[in-house]
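Asker: here is my input, please return the structure:
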Amino acid sequence: MKWNNKGNILIKFKKIKAILFTAFWKQNGWHQHGVIVHSLRVTYNIIKHKDYKMIPAGLLHDIGKPLVAYQKPKDIERKEYSFTDHEEKSYEVIKNWPFISDYTKKLVRYHYLIRDVHLSHVKGLEDRFYEKSVIYNSLSKEMKQDLKTFLKYDDLGKGETKKRKQFKGPLC
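Answerer: Purely as a prediction, here's the structure:
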């Protein structure tokens with residue numbers, strides 16, 4: 001399939017729009033703020049609860065979100081975006097940064113894992129459920145606990161939204 005210049009420009013414009021919109025203004029109905037403010041709110045809650053080792057992950061956990069932002073048909077009418085596997089993209093961005101600890105890289109990479117296992121099970125996505133469960137079961141007891149704690153900070157950073165109030169926790 002051949003793209004003309006007009007098509008390429010439109011695709012690039014949509015991607016730039018997605019990056020800027022999600023970074024600065026709004027992600028979706030689960031988040032009250034864009035990625036930058038959300039990450040600062042997560043970090044604020046980490047500091048407030050004195051979990052200082054999680055500060056870098058608070059700042060970096062969604063760094064890849066704007067890069068994977070896309071719109072499903074229902075997202076377009078709501079002016080929202082989806083971010084499937086954003087945590088892996090966030091990890092890809094920071095994995096070679098020598099000044100970031102392995103602990104932070106792991107927390108960034110798996111920060112959504114608990115919820116992903118739960119939602120995959122609820123939605124009947126057996127392959128994804130199995131894949132994510134294997135990863136979760138390979139983690140240390142300490143990392144599992146830190147992921148649960150981080151998920152609470154992540155939720156606090158989302159602010160109050162209609163969707164957030166409706167979601168009945170994922171902690172498994």
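Asker: grab the nearest non-local neighbour of R109.
Answerer: Excluding the flanking residues, the one nearest R109 by Cβ to Cβ, 6 or more residues apart in numbering is Y91, at 3.7 Å. Heads up, the C-betas are built off the backbone N, CA and C, glycines and all.
Asker: for the one you found, list the residues it contacts.
Answerer: Taking Cβ atoms under 8 Å, 6 or more residues apart in numbering as the contact definition, Y91 lies against G64, K105, V108, R109.
Asker: go through the helix or strand harbouring it and flag the buried ones.
Answerer: Assigning secondary structure by DSSP states H and E places Y91 in helix 86-94. Neighbour counts over helix 86-94 (16 or more other Cβ atoms under 10 Å) mark H86, E87, K89, S90, Y91, I94 as buried.
Asker: so which of those residues comes closest to E126?
Answerer: Nearest to E126 among the buried residues of helix 86-94: E87, at 20.7 Å, using Cβ to Cβ.
Asker: one step back: from I46, how far off is the residue nearest to R109?
Answerer: The span separating Y91 from I46 equals 19 Å under the rule Cβ to Cβ, to the nearest Å.
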